[in-house]
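[1] Need a 3D model of the following:
(one chain, ligands or ions: 1)
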Amino acid sequence: MADIQALEQRFESISVQDENYNNPAPTAQHKAKQGAPSTTISLSNLSATTTSAQQSRLKLPLQKLPPNAAAGKAAPPPPTSSNTTTTVTKITLPSQAAQQQRSSTADSRPSETDTLTLAPRIIPQPQLPKQFHLGLFEIGKPLGKGKFGRVYLARERSNNFICALKVLHKSELTQGKVEKQVRREIEIQSNLAHPNILRLYGHFHDTKRIFLILEFAGRGELYKHLRKAGKFPEWQAAQYVAQMASALRYLHGKHVMHRDIKPENILVGIHGEIKISDFGWSVHAPNNRRNTMCGTLDYLPPEMIKPGREENWYSEKVDLWSLGVLTYEFLVGEAPFEDTPVMTQRRIARGEMTIPAFVSAEARDLIRRLLVLDPERRIPLEEVEVHPWIVKHCVKGERAYQRASGELKKERGGV
Ligand SMILES: Nc1ncnc2c1ncn2[C@@H]1O[C@H](COP(=O)(O)OP(=O)(O)OP(=O)(O)O)[C@@H](O)[C@H]1O
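    Numbering: from 1, shown residues only. Presented below is the predicted three-dimensional model:
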């Protein structure tokens with residue numbers, strides 16, 4: 001028997017060579033995260049229960065395992081209080097072998113069926129318990145470690161649902177002055193339900209920790225796939241960009257700006273579909289205007305880095321610029337304005353970039369129409385989704401997406 005504390009200690013001692021648990025060495029621009037705003041908001045009043053909105057969302061999927069898929073447990077122990085000792089279990093995913101086989105060929109062009117699977121999928125699932133606590137979960141292997149969180153594969157005992165459990169230590173959040181950021185992340189992400197946005201099913205806390213119950217993204221970080229591949233082939237980049245556009249359109253429709261779109265904040269689902277995660281910098285702005293500086297320098301739009309920024313109110317169109325940077329990075333392998341911080345700022349302000357000759361004319365056109373200095377003149381997301389480069393590579397994916405979003409609508413009671 002090992003409890004989650006022991007698992008966390010093991011986490012700290014994991015070798016840097018172990019690629020299952022560690023990210024590849026980040027490039028300079030990937031380290032360039034901005035400092036978080038300071039706040040005095042207390043974490044102790046974070047609700048341990050789910051809201052009614054969350055409860056209705058809980059009908060949506062965690063991936064269900066067949067009854068024999070969880071590693072040989074007899075009768076699962078009854079749920080107890082939140083400081084329950086937790087058995088660390090080897091959780092076997094139903095299609096793990098198949099997945100492993102697929103991921104080894106993940107960079108080659110997929111068959112027609114595979115192309116379809118790159119589109120989002122909705123798998124209806126039974127409801128989760130209304131009140132969460134640690135005893136409800138069997139904890140599996142560590143999935144990764146961020147600045148503040150340690151993330152574990154987990155199985156909800158009663159329903160056999162697989163999810164990712166992110167554990168945040170309140171003391172670390174307070175020390176890092178990121179309570180407000182975390183609170184915002186929870187509030188925003190728990191109200192989102194889109195196939196290309198990582199679901200937050202609920203959260204709970206004990207005296208020391210906050211636990212986020214997240215959708216499990218079976219293929220890990222997009223950043224790792226990109227670093228491994230160097231750059232993506234155009235068909236793959238186009239499919240990812242189409243999914244990003246769809247997710248951003250959904251977000252903006254809910255008056256949420258993400259503000260930190262970059263490969264490190266995108267996970268890949270079991271079917272190869274992307275899942276936007278990390279809503280730490282996102283903001284709900286019903287009037288669509290903000291003037292806070294945030295995000296990561298290479299992806300920041302000119303309106304956010306201009307001197308005299310206090311007057312530079314910006315809108316959700318910041319995400320369109322970042323989508324342009326992302327599209328470029330997918331196709332070229334590095335961000336378009338990557339340089340020393342001073343030079344990056346200067347080049348962004350002037351929109352100075354060179355697109356290599358190997359990028360197709362259609363892709364080039366889309367990048368140029370996203371990376372427009374004037375936010376109002378950037379190509380709208382609806383037009384991104386039907387841009388010739390996207391259409392050329394994504395017709396099947398789009399059809400599958402429409403099917404998936406139809407299912408999503410039904411699940412949300414036709415809203
Ligand atoms: N839902 C998930 N499914 C699968 N793996 C995940 C999931 N969430 C996180 N991970 C893995 O755990 C790692 C740490 O995640 P976490 O959200 O704590 O940090 P991060 O956002 O990557 O980094 P930082 O906290 O520095 O911004 C991720 O990089 C990823 O590899």
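[2] hang on, R155 in a helix?
    No: R155 sits outside any helix when classified using DSSP: H, G, I helix; E, B strand; the rest coil, being strand.
[3] That one and V268: what is the separation?
    21 Å (CB to CB, to the nearest Å). Glycine gets a C-beta too; all of them are placed from N, C-alpha and C.
[4] neighbour-wise, which of those two wins?
    R155 (28 against 22; other CB atoms under 10 Å).
[5] Isn't the more buried one up against F137?
    Yes: here R155 lies in contact with F137, judged by CB atoms under 8 Å, at a distance of 6.6 Å.
[6] which residues do these two both contact?
    C163 (CB atoms under 8 Å, 6 or more residues apart in numbering).
[7] The stretch 151-300 of the chain against the ligand: which residues are in contact?
    151, 164, 166, 198, 214-217, 220-221, 267, 278 (CB under 6 Å from any ligand atom).
[8] neighbours around P375, how many?
    17.
[9] what's near enough to touch the residue nearest to it when sequence neighbours are not counted?
    Excluding its sequence neighbours, the residue lying closest to P375 (CB to CB, 6 or more residues apart in numbering) is K317, at 3.8 Å. With contact set as CB under 8 Å, 6+ apart, K317 has these partners: 301, 303, 375-376, 378.
[10] and the two most separated of those residues?
    Across the contacts of K317, the longest distance by CB to CB is 12.1 Å; it joins P301 and E376.
[11] if you count what's nearby, which of those two comes out ahead?
    Between P301 and E376, P301 has the larger neighbour count (other CB under 10 Å), namely 27 against 7.
[12] Pretty sure that one sits against E316.
    No: applying CB under 8 Å, one finds P301 not in contact with E316, separated by 11.0 Å.
[13] mind checking the backbone torsions on S158?
    Per-residue torsions, S158: phi -70, psi -30 (degrees, to the nearest 10).
[14] next one: the one 3 residues further on
    For F161, the backbone dihedrals are phi -80, psi 140 (criterion: degrees, to the nearest 10).
[15] State the pLDDT value of it.
    pLDDT recorded at F161 is 93.
[16] State the distance from it to I213.
    9 Å.
[17] Contact partners for the residue nearest to I348 when sequence neighbours are not counted?
    Closest residue to I348 apart from its sequence neighbours, by CB to CB, 6+ apart: F337 at 5.0 Å. Contact analysis of F337 by CB under 8 Å, 6+ apart lists 298, 325, 344, 347-348, 352-353.
[18] Dump those to TSV, plus neighbour count and secondary structure.
    Putting the contacts of F337 into TSV (neighbours: other CB atoms under 10 Å; DSSP: H, G, I helix; E, B strand; the rest coil) gives the following:
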residue	neighbour count	secondary structure
D298	23	helix
V325	25	helix
T344	21	helix
R347	16	helix
I348	27	helix
E352	12	coil
M353	18	coil
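[19] Which of those residues scores worst on pLDDT?
    D298 (87).
[20] mind putting the residues of the stretch 151-300 of the chain next to the ligand in CSV, secondary structure included?
    Compiled in CSV, those are given as follows (three-state DSSP):
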residue, secondary structure
V151, strand
A164, strand
K166, strand
L198, coil
L214, strand
E215, coil
F216, coil
A217, coil
G220, coil
E221, strand
L267, strand
D278, coil
